[in-house]
Structure formats: structure tokens, C-alpha cells
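**Student:** What would the 3D arrangement of this be:
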Amino acid sequence: MLHKLKYVLNRNRDGGKFEINQQQLEKMVQKGAVLIDVRSPQEFAEGHLEKAVLLPEYEMKENVSAILPDKSQIIIVYCSTGHRSQKAQEILKKLGYQQVYNLYHGLENYN
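**Tutor:** Residues are numbered from 1 along each chain as shown. Presented below is the predicted three-dimensional model:
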């Protein structure tokens, strides 16, 4: 519960501007956004969104430039619940990526 409260409080720092829902995700991917799954390789192997690229949140700093060389491209990050992807979103922003979106509540609410 405390973890979820921290997530909600942190999410509101940018007014939810960079939080997207399932419909927005699908439209953005159709327009060329890069979809990044920040879960573990095991979770990814168990199932992931179509066109997603695996880049675990814990490996982001070391491997991001090889996978995402263009810091101006639109990037969507997701995980199971939205917590790890929010951390990944913050890392990417600190590294200079300009358009990083987080799938709100992750796969938890994805149909």
C-alpha cells in the first residue's frame, strides 16, 4: 500500500502529462513510438506486448544508448504495475530523453 501511495504521489509531479492509457499507447505505437518492456527477461518471455523491446529497468543506464540512440524519439515504457516503468521513465529523462511516456498501471489494466 505504501508503495502504491508513493507511486501516486510521484505520478502527479508532472500532472500525469506523461502517463498514457491503452488507447493512447496503441495510437502512439502505430505512429512509430518505441515500446520498451522494463520487466525481467523471464517476465518478458512469459508474455509481452507486440513490438516491445526488452530493456530491464535495472540494466537501463548501461544499455539504453545501444537500444535507443535517438533521444528525441517517442518512447513508451511499461511493466506489470507501472512502478518499475515509472523509475525507468525517470532514468531516461535524466539521461536526456525528451518524450518518455509511462503506461499507467502497466499491464495490470491492459486488455
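**Student:** State the helix or strand in which the residue nearest the centre of the chain lies.
**Tutor:** Geometric centre of the chain, nearest residue: residue 77, 1.4 Å, by C-alpha atoms, centre = their mean. Using DSSP states H and E, residue 77 maps to strand 74-78.
**Student:** Now do whichever strand or helix holds residue 62 and strand 74-78, the angle between them.
**Tutor:** Using DSSP H and E, residue 62 sits within helix 60-67. On the basis of axes from the mean of the first three to the mean of the last three C-alpha atoms, to 10 degrees, helix 60-67 is oriented at 140 degrees to strand 74-78.
**Student:** Can I get helix 60-67 in CSV? Just the C-alpha atoms.
**Tutor:** The C-alpha coordinates for helix 60-67 follow below in CSV (Å, rounded to 0.1, in the frame of the first residue of the first chain):
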residue,chain,number,x,y,z
MET,A,60,18.7,0.8,-18.3
LYS,A,61,21.7,3.0,-17.6
GLU,A,62,24.2,0.6,-19.1
ASN,A,63,22.3,-0.5,-22.3
VAL,A,64,20.0,2.3,-23.2
SER,A,65,22.2,4.1,-25.8
ALA,A,66,22.5,0.9,-27.9
ILE,A,67,18.8,0.4,-28.0
